[in-house]
Structures are given as C-alpha cells and as structure tokens.
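Student: Model the structure of this input:
(chains A and B)
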Amino acid sequence: MFEATRFTRRKRQTELAVRAVFLLMTLLMVLPLILIVGYLVYQAWPILSLDFLITNPRNGMRAGGIWSPLLGTIYLVVISLVVATPIGVLAAIFLNEYARESWGTRVINLAVVNLAGVPSIVHALFGLGAFVLFAGMGKSVLAASLTLAVMTLPVIIASTKEALAAVPQPFREACWNVGATRWQTIRHVVLPNSVGGILTGVILQVSRAAGETAPIMFTGVVFYKAIKEGDPFAYSLFGQCMALSMHLFTISTQVPDVPDALPYGTAVVLLGAVLAVNALAIVVRMRLRSRRKW
Amino acid sequence: MPAIPNRPRVEIFAERAIEVLIRLCGISAILFVFGIFFFVFREGSQLLFHGFNFREFFFSQEWYPSSQSHVRYGALALIAGTASVTVLAMALAVPFGIGAAIFIAEFCGPRAKESLKITIELLAAIPSVVWGFIGLTVMNRVIITLFHTPIGLNVLNGGLILALMSVPIIVSIGEDALKAVPDSYREAALALGVTRWQLIYRVLVPAARNGLLAAVLLGVGRAVGETMAVLMATGHAVHIPTSLMDSVRTLTATIAAELGEAPVHSEHYQVLFIIGILLFTITFVVNLSADLIVRGTRGR
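Tutor: Next up is the predicted model:
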C-alpha cells in the first residue's frame, strides 16, 4: 500500500471540513421546520379536538372553535380552484402545444414569471380596484376568490406545462400520423398521459390559496361573521366570510386577552392542512414517477 | 390544415372554437399582469398626476397620513424599513441558501437529495401568516431572552423570518443552476486532482454564476413583497432603524395596516395605491432581470 502523503491527508481533511460546513448549513435550514412545527403542536395540543373544528368562535373570539373561518377558507379555495384550473391548464396547453418559439411566446412566459412574483398585497390592491370596485362585486366571497385565482394561476400554469412537456413527442407524432387533429391529440393522448402532473399543480394551488391572507383581507373576508354551526351552505357568493388565515391574524394581533391555546390551535390547523395538501402532491408525484412507462 | 373528408362540420367548428379558447387563455397571463398594473395605477392615478409630492414621498420620513392638521406622506422610513429587513434577510439567506444548494447538488446521494428537497418544499409551503405568528410568539420570546430587549418585534425578528421564507426559493433555483453545469467540467477538474472545495469554489460556482445570481434576485423579490409575516413580526414603528433591535414598518405592511381605515378614493387611499405601484415596479424589475439572466445562460 502507498503511504498517504501529507498533501493527501490535508486534502482529505479539507474535504471533510467542507462537507461538514455545507451539511451544517443545510441542517440549519431543515431544523427550524421541525422545531417550529413541533413547538406549535405542543402549544396547541390541549385545544385540538373535533369540537374545536366544528364550533363557532364565541365570546368575542376568545373562546370556542374555528368552524366559521374554516368553512370560509374552504369556500375561497374551492371557488378559486374552479376558476383558476381551466384557465391555467388551457394556458399551459397553449404554451406547450400550440405556441411556436416566438417573441409573443416569450412575452407570455415572462408574464407568467412576473405574475408569480407580484407581491400578495399588490394582488389585494388589484382585487380591490378590479373586482370589488370596478366590476361592482363589492366585498364578497366571489371577489376574494377571483383575487386568489389570479394570484395562484402561475402555480397551475407552471406545473401543467412541466407535465405536458414530459409527454414524449413521438406520442403526439403517432397520433397525428393516423389523422388526428391537434385538439384530438391533446384530448386523447397528451392530457391522459399528463393528468397526474396537472393534478399535482392543482393540489399546490389549493395549498397556496388556503394560506394566503393579504389578498383576501380587503376583498371579502371580515374579522367576524356569525353563521350557523354545521351548515355547509352558510355563506353566500355575494356575502362576506371569515377565513382561517385571517382569523389567525385577528386573534393573535387585534383581539386582546385571547387564551394562548386558541391562536396556536388555529395556526396548527392551518399549517397542518397546508402541509398535508403538499404532502399529498408529493406522494402523487412520486407514484407517477415510479409508474411511468417511458 | 387540409380538411378531412367525412368529418362533420360541427366537429371542425368545435375544434376551431376550442383553439380560440386555448389561445385566449394563453394570453390571459399577459392580460392579468397588465390588469394588475392598470387597476392599481387607476386607483392611484388621480393623485399621482395632480400635485403628488414626489420629493416628500421619497425623501421625507414624516408619515402622518391621518393627522388633522399636519398631513404628511413621507415614505422614506417605510422604504428604509423594507430595505433593512430585506438586506438582513439576504445576508442570512444567501450564504445558507447557496450552501444548502451546493450540499444538495454535490454532496448528497439520491435518497438524501430527495428527502432534503421535500423538506425544502414543505418549508416553502408554510403560509406567511403562520410565519408572522411564529415571529410574534416564538422569535419574540427568544429575542427578548437572548438580547435582554424590552420587545422582540424588530428588524432582527423580521429579517430572520424573511430569511427562512426566502431560503427555499434560493435553494431550489440555485440547485437547478448547479445541476445545469456540464459533468465534463467536473470530470476535467477532478482529473487534475482538485479537492471538492476547489471544485466548488473554482469551477462550479463560476460556471453557475448567473443561475445563482438569479436565485438571489428571486429571493430578494420574495422578501420585498412579503406582507403578513413582516406586518406581524417587525413591531410596526414608522422609524428609520439604527440597530437590529429597532422596530420598523415596511411598505407592504403599511398598505395592509392602513388600507382598511382609509376612506375609498381619499388622498390617503391613493397614496397607499402609489406605494403599491412602487412595490409592483420593484418586484417587476427584480423578476424580469432574474428571468433575463437565466435565459441568457440557457442561450449560450
């Protein structure tokens, strides 16, 4: 065997040191996630129960549960999903299947990137100016959902585009060769082969829409609104609603003397829902990858 | 496209219709970006073109929007607030984000890589209002205990939260950039007997320079535009900070805090929209340059 020279040993030491430093940097980013989630759950533990989910906030939001904000969030998410999904998927189909490399296509791609980068509070201003005032919807569930839909559109476009691009070109060519039109090819070959990827995008949209606060603050969500417990149709499209994210903001900053467990419980429900939805997207993606035949 | 015989006219028409619809949705992204600019501009335009005091807005730190006798709209302190938390957040997030990107791209096996990427994805998914709540409760207490300050809602708190929020985007874009460096570069360097550190420092980082820069820019864009977290964690004092322990207020937080109280179409309301135009412009420029930089590298 060769004896390790001093040079080789030093080389190995730097190697180890560098590895350790980068590992440390990564861990310092991962650790907060675990610590924070753990701490929040620990603080919220006493209050978490089914009762907490299905009772209204009571006593000036200092007691009770989170039924009305929870239902409001579900309304906002579902309506924004219904609006954003078709537009986003069709936009992605255009970008991936129809558009040629051209100046116009570049502008569209730039617009998608920029739309994703617009601050959430500017989306709120847009929603207020466009939907609430200009379109005359007033502060309503509809206006808030549309604002969320515009905001989450880039999420759907980006992941759908990726899913469509993953369908091999020969699939399309084979279909064209038997005389199918562009749309027939998309409808019967491209979409069925990319539906999982599109689903991932839709799931991520849900998680994004559920967590946002700023865009809905001035477009249709209120601090407090009493609704009937257990009635899933308690909000109307043109009325206002509560939302979980806004409720967390309200009870942790605007209302004095709220018992500690209440905001922690709200935070854990919101965080849990968002992380669960994201985990679902990850699982869908991994299963698809392992099943893919090409 | 040549017409296919035996094809019902309805079908041909339907195909045309659906293509038009797809095209419309395709350009919708452009419409929305213009729409955002147009409607935010529209609400603020009346004041903007009729006697808006730009000098006061950019150079005065007197922000008294609802005062009876002494109304002032000087946004300097708010700009300083945004700048201070953003700079601190980037000072923390850039080295750690790039470091983590390097670790994930160069040191990890496929399994560890996958789980780390999932963790970072989950970190990115935490809603900003939950971050704000963490700043308000956990970080606040930690800062009070460690630094013996009366209140822990300050630049340090906001900067830490923003750093954690913008690190995922820096890691994922940075990792993409490192992945795009051709393997032949690595092989050539390793064949010359370099250590891993020399490989990273001398070969990979210079080669992925543009992508890493874009990652940093996107992180900056995220930090500047963040609203709820800084609204809750920075202490809400309109004031140019002189130390990390000073409370500040950012441009975004000001809009979120005051829009509800400002009567529609009043001067105060319009000034808040002008702040919105400013924010839109900043993030637009940042995102545009990030995109151009990434595209530039791909073109080569």
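
Student: who touches the residue most central in space within chain A in this structure?
Tutor: Residue closest to the average C-alpha location in chain A (CA atoms, centre = their mean): A:Arg208, at 2.1 Å. Each residue near A:Arg208 by CB atoms under 8 Å, 6 or more residues apart in numbering or on different chains is listed here: A:151-152, A:155. (C-beta placed from N, C-alpha, C; glycine too.)

Student: now do B:Gly152
Tutor: B:139-144.

Student: same question, B:Arg186
Tutor: B:199, B:203-204.

Student: now B:Ile36
Tutor: By CB under 8 Å, 6+ apart, the neighbours of B:Ile36 are A:115, A:118, A:122-123, A:126, A:150, B:280.

Student: mind putting the residues you listed in TSV, secondary structure and pLDDT included?
Tutor: Output for the contacts of B:Ile36, formatted as TSV (DSSP: H, G, I helix; E, B strand; the rest coil; pLDDT from 0 to 100):
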residue	secondary structure	pLDDT
A:Leu115	helix	90
A:Val118	coil	92
A:Val122	helix	95
A:His123	helix	95
A:Phe126	helix	95
A:Val150	helix	94
B:Phe280	helix	94
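
Student: From these, pick the one nearest B:Cys108.
Tutor: Minimum distance to B:Cys108 across these is 32.6 Å, recorded for A:Leu115 (CB to CB).

Student: Most neighbours among the contacts of B:Arg186, which one is it?
Tutor: For these, the largest neighbour count, defined by other CB atoms under 10 Å in any protein chain shown, is 21 neighbours, found at B:Leu204.

Student: how close does the residue of the stretch 51-200 of chain B found nearest chain A sit to A:Leu28?
Tutor: Nearest residue of the stretch 51-200 of chain B to chain A: B:Pro127, at 2.7 Å (CB to the nearest CB). As judged by CB to CB, to the nearest Å, B:Pro127 and A:Leu28 stand 22 Å apart.

Student: which of these two has more neighbours?
Tutor: A direct count of neighbours by other CB under 10 Å for B:Pro127 and A:Leu28 places B:Pro127 higher, at 25 against 15.

Student: thinking the more buried one is in contact with A:Gly272, fair?
Tutor: No. Taking contacts as CB atoms under 8 Å, B:Pro127 lies outside contact range of A:Gly272: 11.3 Å.

Student: okay, the contacts of B:Arg186 in CSV with secondary structure and distance to B:Leu21 next?
Tutor: Formatted as CSV, these follow (DSSP: H, G, I helix; E, B strand; the rest coil; distance: CB to CB, whole Å):
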residue, secondary structure, distance to B:Leu21
B:Leu199, helix, 51
B:Val203, helix, 49
B:Leu204, helix, 45
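
Student: Distance-wise, check the residue nearest the centre of chain B relative to B:Val130.
Tutor: Centroid-nearest residue in chain B, with CA atoms, centre = their mean: B:Arg222, separated by 1.1 Å. Using CB to CB, we find B:Arg222 at a distance of 16 Å from B:Val130.

Student: How about A:Ala130?
Tutor: Distance of A:Ala130 to B:Val130, computed by CB to CB: 28 Å.

Student: ok, now B:Val33?
Tutor: 28 Å.

Student: Count the residues that sit near A:Ala276.
Tutor: The tally of other residues near A:Ala276 (other CB under 10 Å) stands at 10.

Student: on contacts alone, who are the packing partners of the strand or helix carrying it?
Tutor: Here A:Ala276 is covered by helix A:261-291, with elements defined by DSSP states H and E. Judged by 3 or more CB pairs under 8 Å, 6 or more residues apart in numbering or on different chains; DSSP states H and E, helix A:261-291 is in contact with helix A:6-44, helix A:50-54, helix A:191-211, helix A:244-249, helix B:110-125, helix B:128-134.

Student: between these, which gets nearest to B:Arg23?
Tutor: Taking the helices and strands packed on helix A:261-291 one by one with CB to CB, helix A:191-211 is closest: 17.5 Å.

Student: ranges for the helices of the stretch 201-300 of chain B?
Tutor: B:205-207, B:209-225, B:228-233, B:251-258, B:267-299 (DSSP state H, counting those that start in this stretch).

Student: Kindly report the same for the stretch 101-250 of chain A.
Tutor: Counting by DSSP H, counting those that start in this stretch, the helices of the stretch 101-250 of chain A are A:103-117, A:120-127, A:141-165, A:169-177, A:182-185, A:191-211, A:214-217, A:244-249.

Student: residues from the stretch 151-294 of chain A in reach of chain B?
Tutor: Within the stretch 151-294 of chain A, the residues that sit near chain B (CB under 8 Å from any CB of the partner chain) are A:153-154, A:157, A:179, A:181-184, A:207, A:210-214, A:217-218, A:245-246, A:248-249, A:252-253, A:263-264, A:267, A:270-271, A:274-275, A:278-279, A:282.

Student: Please list only the buried members of these.
Tutor: Those of these that meet the buried threshold are A:153-154, A:157, A:181-183, A:207, A:210-214, A:217-218, A:245-246, A:248-249, A:252-253, A:263-264, A:267, A:270-271, A:274-275, A:278-279, A:282, by 16 or more other CB atoms under 10 Å in any protein chain shown.

Student: Enumerate every residue touching whichever residue of the stretch 151-294 of chain A sits closest to chain B.
Tutor: Going by CB to the nearest CB, chain B is nearest to A:Gly211 of the stretch 151-294 of chain A, at 2.7 Å. Contact partners of A:Gly211, counting by CB under 8 Å, 6+ apart, are A:245, A:270, A:274, B:125-130.

Student: and if we set it to 7 Å?
Tutor: A:Gly211 is in contact with A:245, A:270, A:274, B:127, counting by CB atoms under 7 Å, 6 or more residues apart in numbering or on different chains.

Student: Out of these, flag the one nearest to B:Gly51.
Tutor: Out of the contacts of A:Gly211, the member with the shortest distance to B:Gly51 (by CB to CB) is A:Ser245, at 38.0 Å.

Student: Can you tell me the closest non-neighbouring residue to the closest one?
Tutor: Nearest residue to A:Ser245 in three dimensions, chain neighbours excluded: A:Thr213, at 4.1 Å (CB to CB, 6 or more residues apart in numbering or on different chains).

Student: pLDDT value on the residue of the stretch 201-300 of chain B found nearest chain A, please?
Tutor: Minimum separation of the stretch 201-300 of chain B from chain A (CB to the nearest CB) falls at B:Gly225, amounting to 2.8 Å. pLDDT recorded at B:Gly225 is 92.

Student: any idea how far it is from B:Gly174?
Tutor: 20 Å.

Student: How about A:Asp51?
Tutor: Applying CB to CB to A:Asp51 and B:Gly174 gives a distance of 45 Å.

Student: residue contacts, B:Phe280?
Tutor: A:118, A:122, B:36-37, B:40.

Student: got the residue ranges for the helices in the stretch 51-200 of chain B?
Tutor: Going by DSSP H, counting those that start in this stretch, the stretch 51-200 of chain B shows helices at B:54-59, B:76-102, B:110-125, B:128-134, B:140-147, B:155-179, B:183-191, B:196-198.

Student: got the contact list for B:Ala214?
Tutor: Neighbours of B:Ala214 in contact, by CB under 7 Å, 6+ apart: B:173, B:290, B:293-294.

Student: Which pair of those residues spans the longest distance?
Tutor: It's B:Ile173 and B:Ile293 that sit farthest apart of the contacts of B:Ala214, by CB to CB, at 10.7 Å.

Student: quick one: which of those two has more around it?
Tutor: Between B:Ile173 and B:Ile293, counted using other CB under 10 Å, the more crowded position is B:Ile173 (22 against 18).
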